[in-house]
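Chemist: Okay, here's the prediction I keep looking at, along with the sequence it came from:
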Amino acid sequence: MDVEVALGIVKKILAPQQLSYVEELVFVRTWQDQLYREMAIETGYEEGYLKDIGSRLWQTLSQRLGYPVSKKRLRFILAEVANQPEGIRKGAVSTMVPKAEEGRLEFPGSPLPFESAWYVDRPPLEEMASAALQQSGSLLRLKGAWGMGKTSLINQLLGRAQQLGMASALVDMRQADAILFEDFDAFLRWFCWVISQKLNLNLKVSDHWFSGAGSKLSCTTFIQDQVLSRIDTPLVLAIDTLHHLAEHPPIASNFFAMLRSWYEQARSSPEWGKLRLVMAYAAEIDLPLQTHQSPFNVGLPLDLPLFTPNQVSDLVHRHRLDDVGLNNADVSALVARVGGHPYLLQLAFYWLQSGHLTVQQLVDQAASDEGIYREYLHRLWLIFQQSPDLQSAWQQVLATQDPVLLAAPLAHRLEAMGLVHIEGGRAKVRCALCRDYFTALYADL
């Protein structure tokens, strides 16, 4: 397919929206297999600007088609679209890419992208978070156990920020190599490098590092002089899975103190006021931080709640599970088992829609090694095998219907696993599925 035909297809997909001059330039040169670096040299535009234009164009095409479009997959996708009837092309949805409204599910477990049809708002969570990020120098704290949708929420917030013209970068602590947690200076260099890459700044961090000044000051100076000063818009910096740092107290204490200092600088510095921090973690982080050095007692705290009955019903409707005979009684039976836990519900909906299980079979087998939750439950079991103290604390909670007072670190680890919720410093079972599985398991030992 030549470039003019491909360009014509794209224009039909996007109609009535029109391509800008730069969008058309990026598309044509992408079709000609040019790298963004080569485009920048030949056109005079900044490489980072061209990457941003391209990223937004691919995202818009993805939304119109209901299927992920990227620079690398562009030729394949448009070739498939070209084979569809003209009427379908005008509707911008090919039969090869069913939209969520048609009920197609992908196997759950990955974060949902911006504007995913499967993402369910939890008012007022999203609006409060978005409003906070529009405030100068804001800090947002998102807390939720595994599978509660922290990263999916971050994706929605970053997408909204980009629509408002803000820059954004996401740093996931799970991506840091273990060796980095042995050296604070190396960890901060990695942190700065990731931010630079996400913003397409392509800076050599070592060229802007002042070893004699100390690691925190070097990092702070890098962010101020090489990041914030280079952009004219606010920057939303999201740091995901922050709870992993709790396993490395010396690194965590210094890093958290630095984040708190950035928040304080934003109160008086317009440059630092551009920065909007998002911190996501699974549970309270137990470290001996001094009050004035902790980022966990400032900003807007938001706990991710379980889905309400109305939100569960909304998700059922989006998945078109009424087509497979799911009724209100079935939904109630499922929620009684797993609560409003987003991941556990998504997994159930996937299998129900597949037609391989009935609701009754799913519910009956849920808390067993034959059910669809076996991998989830086995993962929890393995964690307990590596931590006898944690397992003992969990058994204390299981032994009574009343909330149990536990050592704070153990209670917060159980909370991060999604097993308990904490009321007044006391832990109580949160998930009937996990209660039933482990009660039966321990009874057989």
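Modeler: Alright, I've got the coordinates.
Chemist: low pLDDT regions in the stretch 151-300 of the chain?
Modeler: Filtered on pLDDT under 70, the stretch 151-300 of the chain yields no residues whatsoever.
Chemist: any idea where the helices of it begin and end?
Modeler: For the stretch 151-300 of the chain, helices defined by DSSP state H, counting those that start in this stretch occupy the ranges 184-198, 215-222, 249-265, 270-273.
Chemist: Quick one: closest of these to Trp351.
Modeler: helix 184-198 (35.7 Å; C-beta to C-beta). Every residue, glycine included, has its C-beta placed from N, CA and C.
Chemist: The protein: strands as residue ranges?
Modeler: Shown for the chain, the strands assigned by DSSP state E span residues 139-143, 167-172, 235-240, 275-281, 300-303, 404-405, 420-423, 426-429.
Chemist: could you say what helices and strands the second one packs with?
Modeler: Meaning strand 167-172. helix 150-163, helix 184-198, strand 235-240 (3 or more C-beta pairs under 8 Å, 6 or more residues apart in numbering; DSSP states H and E).
Chemist: right, so these: which one is the most enclosed?
Modeler: strand 235-240 (a mean of 23; mean count of other C-beta atoms under 10 Å).
Chemist: Distance from the chain centre to that one, please.
Modeler: 11 Å (C-alpha atoms, centre = their mean, to the nearest Å).
Chemist: Number of residues surrounding Glu247?
Modeler: Neighbour count for Glu247, taken as other C-beta atoms under 10 Å: 10.
Chemist: again, but for Asp183
Modeler: For Asp183, the count of nearby residues is 13 (other C-beta under 10 Å).
Chemist: where's it relative to Gly339, distance?
Modeler: Computed as C-beta to C-beta, to the nearest Å, the Asp183 to Gly339 distance reads 41 Å.
Chemist: contacting residues for the nearest residue in space to Arg189 that is not next to it in sequence?
Modeler: Computed as C-beta to C-beta, 6 or more residues apart in numbering, the closest residue to Arg189 that is not its neighbour in sequence is Val205, at 5.2 Å. By C-beta atoms under 8 Å, 6 or more residues apart in numbering, Val205 lies in contact with Arg189, Cys192, Trp193, Ser196, Phe222.
Chemist: switch the cut-off to 6 Å
Modeler: Counting by C-beta atoms under 6 Å, 6 or more residues apart in numbering, Val205 touches Arg189, Cys192, Trp193.
Chemist: for this protein, longest helix please?
Modeler: Scanning the chain for the longest helix, with DSSP state H as the assignment, gives helix 47-65.
Chemist: List the buried residues of it.
Modeler: 47-48, 50-54, 57-65 (16 or more other C-beta atoms under 10 Å).
Chemist: likewise stretch 400-417?
Modeler: Pro403, Val404, Leu406, Pro409, Leu410, Ala411, His412, Arg413, Leu414, Glu415, Ala416, Met417.
Chemist: Could you pick out which of those are located in helices?
Modeler: Those of those lying in helices (DSSP H): Pro409, Leu410, Ala411, His412, Arg413, Leu414, Glu415, Ala416.
Chemist: Distance to Leu217 added to the residues you listed, as a markdown table?
Modeler: Listed next are these as a markdown table, based on distance: C-beta to C-beta, whole Å:
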| residue | distance to Leu217 |
| --- | --- |
| Pro409 | 31 |
| Leu410 | 36 |
| Ala411 | 36 |
| His412 | 31 |
| Arg413 | 33 |
| Leu414 | 38 |
| Glu415 | 35 |
| Ala416 | 32 |
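Chemist: got the contact list for stretch 266-279?
Modeler: Outside stretch 266-279, the residues touching it (C-beta under 6 Å, 6+ apart) are 133, 136-141, 228, 234-239, 242, 265.
Chemist: Most widely separated two among these?
Modeler: Spanning the widest gap among the contacts of stretch 266-279 are Ser136 and Leu242, at 22.5 Å by C-beta to C-beta.
Chemist: Between these two, which is the more surrounded one?
Modeler: Leu242 (26 against 14).
Chemist: Counting neighbours, what do you get for the spatially closest residue to the more buried one that is not a sequence neighbour?
Modeler: What sits nearest to Leu242 in space, not counting adjacent residues and going by C-beta to C-beta, 6+ apart, is Tyr281, at 4.2 Å. Residues lying near Tyr281 (other C-beta under 10 Å) number 22.
Chemist: on that earlier part again, where is pLDDT lowest across the buried residues of helix 47-65?
Modeler: By pLDDT, Gln63 ranks lowest within those, coming in at 74.
Chemist: Distance check, that residue against Leu14.
Modeler: 10 Å.
Chemist: same thing with Val278?
Modeler: From Val278 over to Leu14 (counting by C-beta to C-beta), the distance is 31 Å.
Chemist: Looking only at neighbour counts, state which of the two leads.
Modeler: Just comparing Val278 and Leu14: by other C-beta under 10 Å the higher neighbour count belongs to Val278, 29 against 16.
Chemist: Report the beta-bridge partners for the more buried one.
Modeler: Leu140, Ala238 (DSSP bridges).
Chemist: Verify the contact between the residue nearest to Leu242 and His244 for me.
Modeler: No - Tyr281 lies out of contact with His244 (C-beta atoms under 6 Å); the separation is 8.6 Å.
Chemist: Return the residues in contact with Ala443.
Modeler: With contact set as C-beta under 6 Å, 6+ apart, Ala443 has no partners.
Chemist: An error on my part: the question was meant for Met166.
Modeler: Counted by C-beta under 6 Å, 6+ apart, Met166 has contacts Thr233, Pro234, Val236.
Chemist: Tell me the one of the contacts of Val205 nearest Val22?
Modeler: So of the contacts of Val205, ranked by how close each gets to Val22 (C-beta to C-beta), first place is Trp193, at 28.0 Å.
Chemist: what's the nearest residue to that closest one if we skip its chain neighbours?
Modeler: Val205 (5.0 Å).
Chemist: if I look at the one you found, how far off is Glu182?
Modeler: 18 Å.
Chemist: same deal with Tyr119?
Modeler: 38 Å.
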